[in-house]
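Peer 1: this one's sequence-less:
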């Protein structure tokens, strides 16, 4: 796995406040930045788990229901 650079950058995004508030409550985070970072980490982790399960099973018969849509 390639080395991940932990460079912090400023972003200006338009996000739905209701989704931020909901995620913050679920994650128990202290602020919006922490909420977005944890949500992004969960997405990356979910992909790693899915890839690991697929590799362990030795088949590509599993499908990523989150990628569909």
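Peer 2: Yep, it's here. Everything numeric here is computed off the predicted structure, so don't read it as measured data.
Peer 1: and stretch 13-30, what's its mean pLDDT?
Peer 2: The average pLDDT for stretch 13-30 rounds to 97.
Peer 1: buried residues in it?
Peer 2: Residues of stretch 13-30 classed as buried: 23, 24, 29 (neighbour count, 16 or more other Cβ atoms under 10 Å). To be clear about C-beta, it is placed using only N, CA and C from the backbone, and glycine gets the same treatment.
Peer 1: State the helix or strand in which the second one lies.
Peer 2: Residue 24 belongs to helix 17-27 when assigned by DSSP states H and E.
Peer 1: by contact count, what packs against that helix?
Peer 2: helix 32-57 (3 or more Cβ pairs under 8 Å, 6 or more residues apart in numbering; DSSP states H and E).
Peer 1: gap between the residue most central in space within the chain and residue 58?
Peer 2: Centroid-nearest residue in the chain: residue 43, 1.9 Å away (criterion: Cα atoms, centre = their mean). Counting by Cβ to Cβ, to the nearest Å, the separation of residue 43 from residue 58 is 25 Å.
Peer 1: and if you look at residue 64?
Peer 2: Note on residue 64: its distance to residue 58, by Cβ to Cβ, is 17 Å.
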